[in-house]
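Novice: only geometry, no sequence info:
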């Protein structure tokens with residue numbers, strides 16, 4: 001049985017004032033909240049159960065999603081009584097995550113094929129796989145390099161830097177839970193660094209399709225503007 005954990009407990013500070021009354025995953029994109037879009041995508045992928053980690057305005061999320069039957073994806077919940085960080089909620093799920101599982105932020109709009117992502121993870125044999133997206137970051141200033149004698153060695157006017165960034169989508173083997181203490185605060189960067197320090201294999205899956213993290217007001221507006229174009233590729 002393949003399960004997916006969806007993080008839906010954050011307060012969405014950067015999306016205020018919208019998130020004063022709505023939890024971020026219930027923000028509507030056209031007629032559907034982003035959380036519903038994710039659940040429908042998981043259904044078409046063949047996920048057997050979604051575990052939604054709730055905290056802020058939990059009752060609204062639980063009331064809207066119910067048991068998940070209307071989305072085709074059975075839903076259960078894990079409730080945080082205190083903030084546990086982006087990875088800490090896994091410490092509450094050790095008895096429920098017994099096989100390879102997916103994990104994702106509840107505010108990710110992407111055309112990523114979750115089934116292909118899972119297959120990639122399994123084929124590479126690591127304890128964790130992180131979905132990655134190449135992000136171009138323009139710098140609005142001239143970038144200067146100097147040497148130890150304070151002499152200018154390079155000068156690049158307004159360069160564009162390219163980085164691979166985490167999409168907020170992960171695949172894990174259940175033994176990753178051995179690295180997480182129950183009820184302890186833990187964020188993903190700290191978890192991944194501890195896995196690497198212990199010699200575990202953490203794999204990257206580079207995806208060049210559509211991805212948007214809806215973390216800020218301008219991201220939300222962009223998601224609404226993009227939706228009609230990408231909707232046919234969401235698989236829902």
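Specialist: Right, received. Where do you want to start? If you're wondering where the values come from, they're calculated on a predicted model, not measured in any experiment.

Novice: CA atoms for contacts and neighbours, from now on please.
Specialist: Will do.

Novice: distance between the ends of stretch 39-59?
Specialist: Criterion C-alpha to C-alpha, to the nearest Å; first-to-last residue distance in stretch 39-59 is 18 Å.

Novice: how far off centre is that stretch?
Specialist: Its chain's C-alpha centre and that of stretch 39-59 lie 12 Å apart, by C-alpha atoms, centre = their mean, to the nearest Å.

Novice: ok, now which ones touch residue 48?
Specialist: Contacts for residue 48 (C-alpha atoms under 8 Å, 6 or more residues apart in numbering) come out as 1, 2, 3, 73, 74.

Novice: what separates the third one from residue 173, distance-wise?
Specialist: So the one you mean is residue 3. According to C-alpha to C-alpha, residue 3 stands 11 Å off from residue 173.

Novice: higher neighbour count, the two?
Specialist: Neighbour comparison, residue 3 and residue 173: the larger count goes to residue 3, with 22 against 19 (by other C-alpha atoms under 10 Å).

Novice: joint contacts of residue 3 and residue 173?
Specialist: In contact with both residue 3 and residue 173: 100, 101, using C-alpha under 8 Å, 6+ apart.

Novice: and the helix or strand hosting residue 224, how far out from the chain's middle?
Specialist: Here residue 224 is covered by helix 217-230, with elements defined by DSSP states H and E. When C-alpha coordinates are averaged (C-alpha atoms, centre = their mean), helix 217-230 and its chain have centres 17 Å apart.

Novice: what residues of it count as buried?
Specialist: For helix 217-230, a neighbour-count test (16 or more other C-alpha atoms under 10 Å) marks 220, 223 as buried.

Novice: for it, name the packing helices and strands.
Specialist: Identification of packing neighbours for helix 217-230 by 3 or more C-alpha pairs under 8 Å, 6 or more residues apart in numbering; DSSP states H and E yields strand 28-29, strand 211-213.

Novice: can you flag the weakest of those by average pLDDT?
Specialist: Least confident of the helices and strands packed on helix 217-230, judged by mean pLDDT, is strand 28-29 with a mean of 90.

Novice: partners of that strand in the sheet?
Specialist: Partner strands for strand 28-29, per DSSP bridges, with pairing direction: strand 32-33 (antiparallel).

Novice: what sits up against the helix or strand just after the strand it pairs with?
Specialist: Using DSSP H and E, the next helix or strand after strand 32-33 towards the C-terminus is helix 34-45. Around helix 34-45, the neighbours that count as contacts under C-alpha under 8 Å, 6+ apart are 4, 25-28, 50, 65, 68, 71-73, 106-109, 113-115, 234-236.

Novice: which pLDDT value goes with the one residue sitting closest to the centre of the chain?
Specialist: The residue lying closest to the centre of the chain (C-alpha atoms, centre = their mean) is residue 168, at 2.5 Å. On pLDDT, residue 168 comes in at 96.

Novice: again, but for residue 171
Specialist: 98.

Novice: did I read that right, it in a helix?
Specialist: No - read with DSSP: H, G, I helix; E, B strand; the rest coil, residue 171 is strand and lies in no helix.

Novice: residue ranges with poor pLDDT in the protein?
Specialist: For the chain, applying pLDDT under 70 flags the ranges 11-12, 14-20.

Novice: give the contact list for the residue in it sticking out farthest from the centre.
Specialist: No residue in the chain sits farther from the centre than residue 149, which is 44.0 Å out by C-alpha atoms, centre = their mean. Listed by C-alpha under 8 Å, 6+ apart, residue 149 has no contact partners.
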